[in-house]
Every structure is written in structure tokens, then in C-alpha cells.
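> Dropping the sequence and predicted coords here.
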Amino acid sequence: MTGRVALLSSGKTDPQDSEKLLNLYRSRVELKKAFSEAKAEKHALNKLVHERDGSVARLEQKLSQIEELLLDPEWVYSVAVHYQLRALNDRCRARVASFAEQLKRRQETRKHQAILDSWNARRSGQASKVEKELTMAAQAIEVSEQRIADAEASYREHPFFVRIFKRRAFRKEVRRLEHAQSLLHEKETELKSVLDELGNSAAPEQQGLDQAAKRSINFMILSFAQQLYIQFGDDNIASLVKEAGDKSAGAIRYGNREDCQRLLEEVASRWDAFDNVTDHADALQKRAKLLSERAIFMNDDDVIPPAGSAGTLICINDGGSVTEKNADLLGEDYWGLTKVFSR
């Protein structure tokens, strides 16, 4: 018993054993951390696989439904019409998105160029002022050098004994002129430094658009969307195109074979006339102005008008006359308008 107590009370431990225990503890902590990370990664991968499996299953189900529809003589022509209309809807959405992106980029470039022009003009004016001051400083230095030279020449012209009596006054005057010249050189150096800083100053960075610019862009986007809608010439065709983009094949039946054939011919004619929409720049701007005059914003900071205040379709013919009718493209989100507005 006494020996056991002696062992316990000795309190002596081997430093190497302590270091080994500490390393084991650290390794255990790192392993637990690595295991936790691997477990989380496995969970994330399992979730991703589950989502992919669900997506594949939905696609397979959709493909099976389409195959069944294509095998049904009463639906095969409707399926063809549906995908032609959907393709046209996709093209309309892409066209609106492209127009919106180009418009935003053009406005941002224009604004940034205006800022750059103002910055360059201000910098040029500052540089011109500094250059004038630099020229005046250089001229003053030349005058100062000439005065020193004249003072030295005048001093040397006096007889020796006269120079002895005037030596102190001469040195004092020369020191004064040299001090003034030193100050002029310092000013010249300072002005050159300022001129270098102006020349090396960084141009202002690209800035975002303000509220007025965003509103202007959004009304132009809405005007363009209305022009696409008008391009179809038939409200029912436009609504069918949008509906095909919102619904799946089999949700809509377009009639018998003859009805579907007429719709396919109508869609083909719309494809042929589709590119003409960009030829109406004046009408787009006029329509955007009229839409902005009718829009009512709920808050001063809003840049997208409420759908109800922009529910008028404005038609402008080649002569410039305006006709109006109800068509809330914004409220019904034609061509994915809500996703492309400037915010």
C-alpha cells in the first residue's frame, strides 16, 4: 500500500509521453472534423443525386406523355402546333431580353461617357490653370536670375574701394534675391507635381443608373414588348404563343387537323415578319413616352410601374396616329417582362 502511494505521489511524467498524448488528441480532433466534413459532403451529394433522379424521372414521364400524344391521331397535330408556338414564345422572350440588355448597356455607357467628359473637361481646366501658373513661375525665375546677374555686374563696375564699403549691402541684396529665387523654384516644383498628379489621376469608375434612367429603360422595354404583341396582328395568336410557353404539351388542344394546319401556317408567317419589329424606333420612343405619362407609381423610389397603370396597348400606325386598347402585358408577364426590367 505504501509503495502504491509513493508511485502516485511522485508526480513525475515523461515529457515524451505528454507530447505523444497531445499529438494523439490533436489527431483525434482533426479526424473528427474531417469525418464531419465528409459526412456533410456525403449528405449534399446524396441530396444532389436525389434531385437529379427526380429530374430524370420527371423528364422521362414528360417524354412518355409526349410519345403517347404523338401516337394519338387526335393529338399529334396539336403537339406540333404547341412546339411551334413555344419556339416562337422562346424567341420573343430572347428578343425582349436582348433588347433590354442592349438598352441598359447603352444607357450605362452613355452615362459613364458623360461623367468621363465632365471629368476630362474639369481636369483639362485645372491642368490649363496650373500650366499658366507654371509659365508665370518660369518667367519670374528668369527675371530673378537677371536681377542677380545685374546686381553682380553693377557691383563689379564700382572701384575696388567702393566695393569694399558696399560688400555687405551687396551680399545682403544677393541673398534676398537668391531666397526669392529659391521660393520660385519650390513653387515651380510644386506646380509640376500637381500637373503630374492631374495627368496620372484615375478616371471615375462605372456607376449605376439613377431612378429616372431606370424608369426610362423600363418604359422602352414595355414599349418593345407591346410592339412584339402588335406584330402578331391577332390578339388570339399572341395569347396562344404566351400560353404555349406557360403550359406543357397536352394541356391545350388546338382543334382538328385543318385547324392545326391553319395555325402552323399562321405561325410560319409570323416567323417571316418577326425581324421587322426593329424598324420602328420612332414608334417605340413615342409609345414609351405615352406609357410613362399614363403610369402611376406608388412610391417615389419605384422604377417599375404597377401593372394596372400600364395596361393600355398603344398602337401607332405609319402615319403616327395612335389607337389604344386594353392589353395588360405587364400584369400577364408577356415575354418574361418582369425578369428583364431594370431595378
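Received it, and whenever you're ready, just let me know what you need. Residues are numbered from 1 along each chain as shown.
> Could you measure from residue 58 over to residue 87?
To residue 87, residue 58 is 21 Å away according to C-beta to C-beta, to the nearest Å. Yep, even glycine has a C-beta here, placed from its N, CA and C like the rest.
> Which residue of the two possesses the greater neighbour count?
Shown here are residue 58 and residue 87; by other C-beta atoms under 10 Å, residue 87 has more neighbours (15 against 10).
> before we move on, which element is the more buried one in?
helix 76-157 (DSSP states H and E).
> same deal with residue 314?
Using DSSP H and E, residue 314 falls within strand 312-316.
> tally of neighbours for the nearest residue to residue 100 once chain neighbours are set aside?
Nearest non-adjacent residue to residue 100, counting by C-beta to C-beta, 6 or more residues apart in numbering: residue 340, 3.9 Å away. Using other C-beta under 10 Å, the number of residues around residue 340 comes to 22.
> Give me the helix or strand of this structure that scores worst on average pLDDT.
Here the helix or strand of the chain ranked lowest by mean pLDDT, DSSP states H and E is helix 2-9, holding a mean of 44.
> mean confidence for the helix or strand just after that one?
For helix 2-9, the following helix or strand on the C-terminal side (DSSP H and E) is helix 15-71. What helix 15-71 shows for mean pLDDT is 77.
> same deal with stretch 295-314?
Mean predicted lDDT for stretch 295-314 stands at 82.
> what about dumping the CA coordinates of it to PDB?
The C-alpha coordinates for stretch 295-314 follow below in PDB (Å, rounded to 0.1, in the frame of the first residue of the first chain):
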ATOM      1  CA  ALA A 295     -48.200  55.300 -65.400                       C
ATOM      2  CA  ILE A 296     -48.800  55.900 -61.700                       C
ATOM      3  CA  PHE A 297     -46.100  54.900 -59.300                       C
ATOM      4  CA  MET A 298     -47.000  54.000 -55.800                       C
ATOM      5  CA  ASN A 299     -43.700  55.200 -54.300                       C
ATOM      6  CA  ASP A 300     -41.200  57.800 -55.500                       C
ATOM      7  CA  ASP A 301     -38.400  55.200 -55.500                       C
ATOM      8  CA  ASP A 302     -40.300  52.700 -57.700                       C
ATOM      9  CA  VAL A 303     -38.900  52.200 -61.200                       C
ATOM     10  CA  ILE A 304     -41.400  49.600 -62.400                       C
ATOM     11  CA  PRO A 305     -45.000  50.800 -62.800                       C
ATOM     12  CA  PRO A 306     -47.800  48.900 -61.300                       C
ATOM     13  CA  ALA A 307     -49.300  46.500 -63.800                       C
ATOM     14  CA  GLY A 308     -52.700  48.200 -63.700                       C
ATOM     15  CA  SER A 309     -51.400  51.600 -64.700                       C
ATOM     16  CA  ALA A 310     -49.600  50.100 -67.700                       C
ATOM     17  CA  GLY A 311     -52.400  48.000 -69.100                       C
ATOM     18  CA  THR A 312     -53.100  50.000 -72.200                       C
ATOM     19  CA  LEU A 313     -51.800  48.700 -75.500                       C
ATOM     20  CA  ILE A 314     -50.700  51.700 -77.700                       C
END
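> For that stretch, buried residues please.
295, 303-305, 310-314 (16 or more other C-beta atoms under 10 Å).
> What of stretch 30-50?
Buried residues in stretch 30-50, defined by neighbour count with 16+ other C-beta under 10 Å: none.
> now the strands: where do they sit in the stretch 201-343 of the chain?
312-316, 322-326 (DSSP state E, counting those that start in this stretch).
> can you put these in a markdown table and add distance to residue 179?
Shown next, in a markdown table, are the strands of the stretch 201-343 of the chain (distance: least, C-beta to C-beta, whole Å):
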| stretch | distance to residue 179 |
| --- | --- |
| strand 312-316 | 78 |
| strand 322-326 | 79 |
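> Where does the prediction get shaky in this structure?
1-15, 60-62, 64-71, 161-163, 233-235, 272-279 (pLDDT under 70).
> care to break it down by domain?
16-69, 78-115+214-340, 117-200 (automatic domain parsing).
> Would you mind saying which of those domains lies nearest residue 206?
Nearest to residue 206 among the domains of the chain is domain 78-115+214-340 (5.3 Å), distances taken as C-beta to C-beta.
> That'll do, ta.
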